[in-house]
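Asks: Below: sequence and its predicted model.
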Amino acid sequence: MIFDGVGMTHFSRFLLAGLFALALAFPAQAAEKVIRLATTTSTAASGLLDAILPKFEAVCACKVHVIAVGTGKALKLGEDGNVDVVLVHARAAEDAFVAAGHGIDRRDVMYNDFVLIGPANDPAKIRDEKDVLAAMKKIADARQKFVSRGDESGTDLMEKSWWRALGINPAGQLWYNAAGQGMGEVLMMANEMRAYTLTDRGTYLSFKDKIALPILMQGDARMFNPYGIIAVNPKKYPDANYAGATELIRWITSDAGQKAIADFKPGGEPLFFPSAK
Amino acid sequence: MSLSEAALQALHMLLEGDPALWGIIHVSLRVCFFAMVLATPPAVALAFLLANFSFPGRRVLVVLVQTLQALPTVVIGLIVYFILTRNGPLGAHELLFTQGGMIVGEAMLAFPILAAMTLSALQGADSRVTETARTLGAGRLRAAWTLMMEVRFAVMAAIVTGFARVISEVGCAMMIGGNIAGVTRNITTAIALETSKGEFAQGIALGIVLVAVALVTNAGMALLQGKGGLK
């Protein structure tokens, strides 16, 4: 023992033992073909993907890695080539994504719809309003608390397009709270603040037991929320798993995939309606 | 579900070997371990260099290392994201959204803590250790090594602190790992997910698991130290 040995050998022996233990305890993951899917929080948090993807993985001998973020970030991940395929809901942003050459093979997959929820006593009086723009204007005019996603998600983009159509710029106003968080967090925030908010029906239904805000307005055609799936352009990223992306797109728009979506009924109510043509 | 019910249920799942829960713990421990293995040697080497040699820019480097301890985890996540993204300098290795990527990020997080704490231990050590070693005929390097051995428990403390920082952070793990179920979902990102789903009790139960894991790990390190440092 050259150097003041005891401590050192002790330490290095521990380190070696630890390394061996880890090597044994954590075998390397089996080399399955991985498809990276960037998608919105609504598809993941509602439990839809957990319900349908195992059916796809059973027939494709692959593994789908789901990265659940807002639509804006999901498209950005696709643009940067960090995922192979995106499943999002923001038609204008999707078309821009394809037009810019970031993605190809866009297909309709399914839709659900948005609803406006708020405190039961409805201080802005939007209940039974038929036109979503009129309802939003009432909230703004009454200066009632509104929680916005504020995260460039599909929900956020839709809400912002309505404010734009109304010629209202709510940013920075006292009643307008841009949370910058996912749908679930925003629902909880709106519940705590007794505020209005815009939510997709799927996430709302899965939170119904936890929040005390009823649906106050629904049914306007503008609140239609279509989901599209897009493969990341293999010309731009030759390393991307385009074959896997194509396989997923084919399956999710096939009869089997569409049926799996229709059959997803947590609590007895369907959350998404298949719409592939 | 009340908090105590959720905590009890989490403990049950833990004891019954629930594969999903243990998978999450695996990811946390594995990433932490390799991040520490990756960060410790260069951090200790840097501290060694800064403590024993004077060179131009040394003080700037010391202040820099100490400042980097304050770097928010999401900023490290962001920096590592830009390094690992497909168009980035290391994009070809496809490390984004993998455990490998998380290890790189967490190692960057632990590095300044390890370096700064080791450095302060070396600076605070009794200078007579070096002098005695020199008198006994040791060369400069050999004397510096003796000093290093003298402060090995402080280095262990630095490792414990670095480990605590790495296993408890969520920003970097979320950005680089992506919270992929069964692959990069660790204890903290799972807590964030449960919170976003409004399952606060589940989140707290996982938090209790995290503390339990930290307790076992630290107890293990304490055993390893034996009676070392007892005065």
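Replies: Everything's here; your move.
Asks: The closest residue to residue B:85 other than its chain neighbours: neighbour count?
Replies: Nearest-residue entry for residue B:85: residue A:80, 5.1 Å, with adjacent residues in sequence omitted and distances by Cβ to Cβ, 6 or more residues apart in numbering or on different chains. For glycine as for every other residue, the C-beta is placed from the backbone atoms N, C-alpha and C. If you count neighbours by other Cβ atoms under 10 Å in any protein chain shown, residue A:80 ends up with 19.
Asks: hang on, isn't residue A:80 packed against residue B:86?
Replies: Yes: applying Cβ atoms under 8 Å as the test, residue A:80 and residue B:86 come out as touching, 5.7 Å apart.
Asks: Flag every residue of chain B that's near chain A.
Replies: Residues of chain B lying near chain A by Cβ under 8 Å from any Cβ of the partner chain: B:26, B:30, B:33, B:37, B:85-87, B:91, B:94, B:96-97, B:145-146, B:149, B:152, B:178-181, B:183, B:195-198, B:224, B:228.
Asks: Among these, which ones are in helices?
Replies: Those of the residues of chain B next to chain A mapping onto helices are B:26, B:30, B:33, B:37, B:145, B:146, B:149, B:152, B:195, B:196, B:224, per DSSP state H.
Asks: I'd like the distance from the last one to residue B:216, if you could.
Replies: Spelled out, that is residue B:224. Plainly put, residue B:224 is 13 Å away from residue B:216 if you go by Cβ to Cβ, to the nearest Å.
Asks: cool, the fifth one as well?
Replies: When distances are taken as Cβ to Cβ, residue B:145 and residue B:216 turn out to be 32 Å apart.
Asks: Same check on the third one?
Replies: Using Cβ to Cβ, residue B:33 is found at 13 Å from residue B:216.
Asks: Specify which residue of the two has the higher count of neighbours.
Replies: residue B:33 (21 against 11).
Asks: need the contact list for the closest residue to chain A within chain B.
Replies: Closest contact between chain B and chain A, by Cβ to the nearest Cβ, is at residue B:86 (3.7 Å). Residue B:86 sits next to A:80, A:81, A:82, A:237, A:239, B:94, B:96 when contact means Cβ atoms under 8 Å, 6 or more residues apart in numbering or on different chains.
Asks: Looking at the residues you listed, which has the smallest pLDDT value?
Replies: Ranked by pLDDT, the contacts of residue B:86 bottom out at residue B:94 (85).
Asks: circling back: are any of the residues of chain B next to chain A buried, and if so which?
Replies: Listed as buried from the residues of chain B next to chain A are B:26, B:30, B:33, B:85-86, B:91, B:94, B:96-97, B:145-146, B:149, B:152, B:178-181, B:183, B:195-198; burial here means 16 or more other Cβ atoms under 10 Å in any protein chain shown.
Asks: Given the helix or strand hosting residue A:68, what are its sheet partners and their directions?
Replies: Assessed by DSSP states H and E, residue A:68 sits inside strand A:62-69. Counting by DSSP bridges, the strands paired with strand A:62-69 are strand A:33-40 (parallel).
Asks: Mind listing what's buried along the strand it pairs with?
Replies: In strand A:33-40, the ones that count as buried by 16+ other Cβ under 10 Å are A:34, A:35, A:36, A:37, A:38, A:39, A:40.
Asks: now do stretch A:116-128
Replies: A:116, A:117, A:118, A:119, A:122, A:124, A:126.
Asks: The helix or strand that the strand holding residue A:68 is followed by versus strand A:33-40: what angle between them?
Replies: Using DSSP H and E, the helix or strand that follows strand A:62-69 towards the C-terminus is helix A:71-79. With axes from the mean of the first three to the mean of the last three Cα atoms, to 10 degrees defining the directions, helix A:71-79 sits at 150 degrees from strand A:33-40.
Asks: does any bit of helix A:71-79 sit next to chain B?
Replies: No: Helix A:71-79 does not reach chain B (Cβ under 8 Å from any Cβ); its nearest approach is 8.7 Å.
Asks: pLDDT of the helix or strand that that helix is followed by, averaged?
Replies: Sequence order places strand A:85-88 as the next helix or strand after helix A:71-79, per DSSP H and E. The pLDDT scores in strand A:85-88 average 96.
Asks: again with stretch B:179-197
Replies: Mean predicted confidence for stretch B:179-197 is 88.
Asks: Report the buried residues of stretch B:126-136.
Replies: Quick answer for stretch B:126-136 (16+ other Cβ under 10 Å): B:129, B:130, B:133.
Asks: pretty sure the last one contacts residue B:142?
Replies: Yes: taking Cβ under 8 Å as the contact criterion, residue B:133 and residue B:142 are neighbours in contact, 6.8 Å apart.
Asks: Quick check: the residue of the stretch 51-200 of chain A nearest chain B.
Replies: residue A:81 (3.7 Å).
Asks: For that residue, give its distance to residue A:93.
Replies: Residue A:81 is 18 Å from residue A:93, by Cβ to Cβ.
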